[in-house]
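Asker: have a look at this prediction, sequence included:
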Amino acid sequence: MAGFDHKTLDAKWQAFWEREQTFLTPTDRTRPKYYVLDMFPYPSGDGLHVGHPKGYTATDVVARAKRMMGFNVLRVMGWDSFGLPAERRAERTGEHPSVITARNIATFKSQLQKLGLSYDWTRELATSDPTYYKWTQWIFELLFERGLAYRAEVPVNFCPALGTVLANEEVKDGKYIETGDDVEKRLMKQWMLRITEYADRLSEDLTGLDWPPGTHTAQFEWIGKSIGANVVFKVVGSDHPITVFTTRPDTLFGGTWVVLAPEHPLVDQITTPEQRAAVAAYRDQVGKRSERDRTTEAADAPKTGVATGAFAINPVTGKQIPIWIADYVLASYGTGAVFACPAHDERDHAFATKFTLPIIEVVKGGENVQVAAYTGDGPHVNSDFLDGLDIDAAKEKVIGWLEAHGLGSKSIRYKLRDWLFSRQRYWGEPFPTYELPDGQVKLVPKSDLPVALPQIDEYKPTRDGQPPLARAKDWLPVTDKETGQVAMRETNTMPQWAGSCWYYLRFISPQLTDQPWDREEEKYWMPVDLYVGGNEHAVLHLLYARFWHKVLYDAGFVSTKEPFQRLFHQGMIHKTSYREPKSGKYHYDHEVEQRDGAWYVKGTNDVVETKLDKMSKSRYNVVNPDDMGNEFGADAMRMYELFMGPLEDGVEWETSGVAGTRRFLDRVWRLLVVPADPSSGIEADTLSGKVSEDAPRDNKDLERTLHAAIKKVTAAVTDLRFNTAIADMMVFVNEATKATAIPRDWFEMFVKILSPFAPHIAEELWQRLGHTTTITYEPWPAHDEAKLARDVMVIAVQVLGKLRGQIEVPPDATEATILAAAKADHKVQQFLAGKPIKREIYVKGRLVNFVV
RNA sequence: GCGAGCGUGGCGGAAUUGGUAGACGCAUGGCUCUUAGGAAGCCACGUCGUAAGACGUGGGGGUUCGAGUCCCCCCGCUCGCACCA
């Protein structure tokens, strides 16, 4: 054995931490706090792959280092345990989802524990636990009481053949993508959350957050605030005017027709008898398309539409313009009606081209607006009182004019829609509501929470398409205490997002039974100082959680406006997958071989395609962290996860890289320990004697690399740039391996900075150095800037920007002596060769450049 | 289509932010030790060249004493967004 016995060490120290409760959250409140949080996983049946621990290892290094730096650290893990896969499995096997979920959680937990992650497991929680979802329901009641939860008839994708509701993603061209069964729009009463009420604050408060710019932008654009105007178009021969929303009221003079969404209520009233058949046919055709399909076409895609035969009056020109219907206008956005200005809008231009409608230029600056729309700025033309103004000035003026004439007003719209909060599933939080015979909806009294999920015999929807909870016949009726009437419980459940909207608060006091969290503790711990997770949650989860948090803030239950002060997305770990193109069959990497630059199934001529893919069981490219831990140890595995490359980058897993970090740890081990080697007569480990109190302290190279590593690792805890910090630790160990002796305090400093990365071996080394307590709370070493200086400065000498030599000078050498020394260098002299020096450039401590 | 980002050895990646390109690691080759295998240690490792040296960060051009880094054009890849009025 050339190094340490990782199996013994990993088990020994994991047992020690558990026995000593080393990672129990501290209770004194005098020290500064640090709340570091991982996005908690959905405990899938597949277990962990090596991609999961990347983020968890990064946060673990931060947590462990912060503890040593004197912070009280809140470091916790839980389970986002409601969700579809467990329900689907239950449908197949009849096993209760809670049983499936509990088993998966046990697997995940044991896999995580084998990595030595320093979670306070006494705070573990699961969103599907009634003691947890009791408070999810409690927050829902708060939303309801504040007018932010309401019920609405919402069209859902209903598949009669399957008797179930489908997500938009599952429907294409009116068919279920899996089976091809017809899908119809069916109105269902659904819970909605009024997130749009918080649109402005969700947008504005992003500014103060330390978030990746991409995520910041994604949320900002998702909310999609646009400022414009509502403009009233009178309809010829009708009392019902059309209100359109536009962000370009300045182009009204170029407005040559109006388009209504096919579903617009006015369509029936205004369509002329001649056009009725065409309109009906078009509406029928559009009705089959989902809104998603309608909105996933390019702006310049060919347009469809039908004229209603009716005419509207352009409010600024007074001219009559035709009214059309077209599917690119959506009933659910704006007012469901637009006016078209083909000269300055791509969609309108495509429409005008298709149906030969007039195009009037009103902003100068483009080429020929008959050929292509011009969307840039410029002076207005053909626009009466707007002529000569730029877009901003024209907008302001025309809105003033519209308001003065009662024909419109300034208006703000958001892309963000209210949040559809009902799911027709079993494995989710039941709504704490019931409906009286008269349709009135009431909340279950808070003292009766939680409304627990009832047992049912089958997890499928009912024959008539009711959600699975409708099968719980005994559970459905409930007596309203106020009126004595028998009411019916809600059969929808909440979406998976619900539980993850507030779990970071429950971690603060997860065992509390009479409150969701302790208010004083919340003031101490919030906000989350560092939140790490994948960027697939850039919008939905992170936006929904912010929304709930703001509601809780308004209600006085939390003390911060925002939950997550700093956000970081770790990159995904990929692995090559091998797939036979014909059959679509995947192969493990040991089943394939490379010949003449192509890949084949071993021993055959069957070609396989290679692709760098996400790890997934179905692609046969999963690397299991348990295998890595068994072969190389948890510490080597942890270090490789962070050494692979920058944390935010997606990289390919290379198992040979783990062997490299393992070799590094073996080298560290041998600095202190001579490993037992029975074959050469050494029966037990002994201390090497290399690390000693009286080792000479004049090894400047060793001291410098130590302090450089301390500096880099300390910075890495803040920057989350671990790969180069590990490289610097390797440099120190290479230097220490060369040294004949290492002062004991230097080695101890190194073991301390190593400990967040490789805690098992660090604890063992610490103990063998004679310490009796854990290294977890040892004070973090500080680097000494003076010790980073070298005895000699190496200065590069360039002539005309090309490297021609190097000189060594004392660190305190003046510029003049350095320049003189550089000129004296014989190699440099060859290139100067009597030519006059025009310029001498000296970059402090780095280089000299002569221009000749 | 629009937007953002990226392109560096056989591979993952470094580069003090305009100052010695290739740190650290993987893979590979050589040597030492070893009965052997393995481990460990040492050395080499961008290309061409015996060497001096020349060339070299996707390609082309520019700014500069000096460019992987800044500017312009092109090529390629990745990730977002996708008729939002």
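Answerer: Arrived safely, thanks for sending. Numbering: from 1, shown residues only, chains lettered A, B, ... in the order given.
Asker: contact residues of the stretch 301-450 of chain A facing RNA strand B?
Answerer: Within the stretch 301-450 of chain A, the residues that sit near RNA strand B (C-beta under 7 Å from any atom of the strand) are A:301, A:303-304, A:327-331, A:333-336, A:338, A:345, A:347, A:350, A:413, A:415. In short, each C-beta sits where N, CA and C put it, glycine included.
Asker: what remains of those if I keep only buried residues?
Answerer: A:303-304, A:327-329, A:333-336, A:338, A:345, A:347, A:350, A:413 (16 or more other C-beta atoms under 10 Å).
Asker: need those residues in JSON lines with secondary structure and pLDDT, can you?
Answerer: Below are these laid out as JSON lines (DSSP: H, G, I helix; E, B strand; the rest coil; pLDDT from 0 to 100):
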{"residue": "A:303", "secondary structure": "coil", "pLDDT": "84"}
{"residue": "A:304", "secondary structure": "coil", "pLDDT": "88"}
{"residue": "A:327", "secondary structure": "coil", "pLDDT": "89"}
{"residue": "A:328", "secondary structure": "coil", "pLDDT": "88"}
{"residue": "A:329", "secondary structure": "coil", "pLDDT": "90"}
{"residue": "A:333", "secondary structure": "coil", "pLDDT": "83"}
{"residue": "A:334", "secondary structure": "coil", "pLDDT": "85"}
{"residue": "A:335", "secondary structure": "coil", "pLDDT": "89"}
{"residue": "A:336", "secondary structure": "coil", "pLDDT": "89"}
{"residue": "A:338", "secondary structure": "strand", "pLDDT": "93"}
{"residue": "A:345", "secondary structure": "coil", "pLDDT": "89"}
{"residue": "A:347", "secondary structure": "helix", "pLDDT": "87"}
{"residue": "A:350", "secondary structure": "helix", "pLDDT": "87"}
{"residue": "A:413", "secondary structure": "strand", "pLDDT": "86"}
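Asker: farthest pair within those?
Answerer: Across these, no pair lies farther apart than A:304 and A:413, at 24.4 Å, counting by C-beta to C-beta.
Asker: secondary structure element for whichever residue of the stretch 551-700 of chain A sits closest to RNA strand B?
Answerer: Going by C-beta to the nearest atom of the strand, RNA strand B is nearest to residue A:660 of the stretch 551-700 of chain A, at 2.7 Å. If you go by DSSP states H and E, residue A:660 is part of helix A:655-672.
Asker: after that helix comes which helix or strand?
Answerer: Under the assignment DSSP H and E, the closest C-terminal helix or strand after helix A:655-672 is strand A:673-674.
Asker: what pairs with that following strand, parallel or antiparallel?
Answerer: Next to strand A:673-674 in the sheet, as set by DSSP bridges, lie strand A:686-687 (antiparallel).
Asker: mind checking how far the strand it pairs with is from the chain centre?
Answerer: 48 Å (C-alpha atoms, centre = their mean, to the nearest Å).
Asker: alpha carbons only: can I get stretch A:611-629 in CSV?
Answerer: The C-alpha atoms that make up stretch A:611-629 are tabulated as CSV, following Å, rounded to 0.1, in the frame of the first residue of the first chain:
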residue,chain,number,x,y,z
LYS,A,611,-22.0,12.0,-28.0
LEU,A,612,-21.2,13.9,-24.9
ASP,A,613,-24.4,13.6,-22.9
LYS,A,614,-26.0,14.3,-19.6
MET,A,615,-25.5,11.4,-17.3
SER,A,616,-28.6,9.2,-17.3
LYS,A,617,-29.4,5.6,-16.7
SER,A,618,-31.2,5.3,-20.0
ARG,A,619,-28.0,6.4,-21.9
TYR,A,620,-25.8,3.8,-20.1
ASN,A,621,-23.3,6.5,-19.3
VAL,A,622,-23.7,6.9,-15.5
VAL,A,623,-20.7,6.9,-13.2
ASN,A,624,-21.7,5.9,-9.7
PRO,A,625,-20.1,7.9,-6.9
ASP,A,626,-20.2,4.8,-4.7
ASP,A,627,-17.9,3.0,-7.1
MET,A,628,-15.5,6.0,-7.1
GLY,A,629,-15.6,6.1,-3.3
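Asker: give me the buried positions along that stretch.
Answerer: A:613, A:615, A:619, A:620, A:621, A:622, A:623, A:625, A:626, A:628, A:629.
Asker: ok, it near RNA strand B or not?
Answerer: No. Interface with RNA strand B: stretch A:611-629 contributes nothing (C-beta under 7 Å from any atom of the strand), its closest point being 8.4 Å away.
Asker: same question for that stretch, mean pLDDT?
Answerer: Stretch A:611-629 carries an average pLDDT of 83.
Asker: what lies in contact with it?
Answerer: Outside stretch A:611-629, the residues that touch it by C-beta atoms under 8 Å, 6 or more residues apart in numbering are A:10, A:46-53, A:111, A:114-115, A:572-579, A:586-589, A:636-637, A:652-653, A:655, A:658.
Asker: can you check stretch A:553-563 too?
Answerer: Stretch A:553-563 is touched from outside by A:142, A:146, A:205, A:208-209, A:504-505, A:516, A:519, A:522-523, A:526-528, A:545-546, A:549-550, A:552, with contacts defined as C-beta under 8 Å, 6+ apart.
Asker: among the contacts of stretch A:611-629, name the buried ones.
Answerer: If we count by 16+ other C-beta under 10 Å, these have these buried: A:10, A:47-53, A:111, A:114-115, A:572-575, A:577-579, A:586-587, A:589, A:636-637, A:653, A:658.
Asker: follow-up on the earlier one: out of the contacts of stretch A:553-563, which are inside strands?
Answerer: Using DSSP state E, no member of the contacts of stretch A:553-563 falls within strands.
Asker: filter these down to the buried ones and hand me the PyMOL line.
Answerer: Typed into PyMOL, the next command selects the buried ones out of the contacts of stretch A:553-563 (criterion: 16+ other C-beta under 10 Å):
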select buried, chain A and resi 142+209+504+505+516+522+526+527+528+545+546+549+550+552
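Asker: in the helix holding residue A:660, which residues are buried?
Answerer: Buried residues in helix A:655-672, counted by 16+ other C-beta under 10 Å: A:657-658, A:661-662, A:664-672.
Asker: for residue A:414, which non-adjacent residue is spatially closest?
Answerer: Once flanking residues are discounted, residue A:414 sits nearest to residue A:199: 4.6 Å by C-beta to C-beta, 6 or more residues apart in numbering.
Asker: now do residue A:491
Answerer: Nearest residue to residue A:491, sequence neighbours excluded (C-beta to C-beta, 6+ apart): residue A:469, at 4.1 Å.
Asker: same question for residue A:534.
Answerer: residue A:569 (6.1 Å).
Asker: contacting residues for that neighbour?
Answerer: Listed by C-beta under 8 Å, 6+ apart, the contact set of residue A:569 reads A:212, A:215, A:532, A:533, A:534, A:535, A:538, A:648.
Asker: pretty sure the last one is touching residue A:572, no?
Answerer: No. Contact status for residue A:648 versus residue A:572: not in contact, 10.3 Å apart, counting by C-beta atoms under 8 Å.
Asker: stretch A:784-791 close to RNA strand B?
Answerer: No. Stretch A:784-791 stays clear of RNA strand B (C-beta under 7 Å from any atom of the strand), getting no nearer than 9.8 Å.
Asker: please point out which parts of that stretch sit buried.
Answerer: Residues of stretch A:784-791 include none that count as buried (16+ other C-beta under 10 Å).
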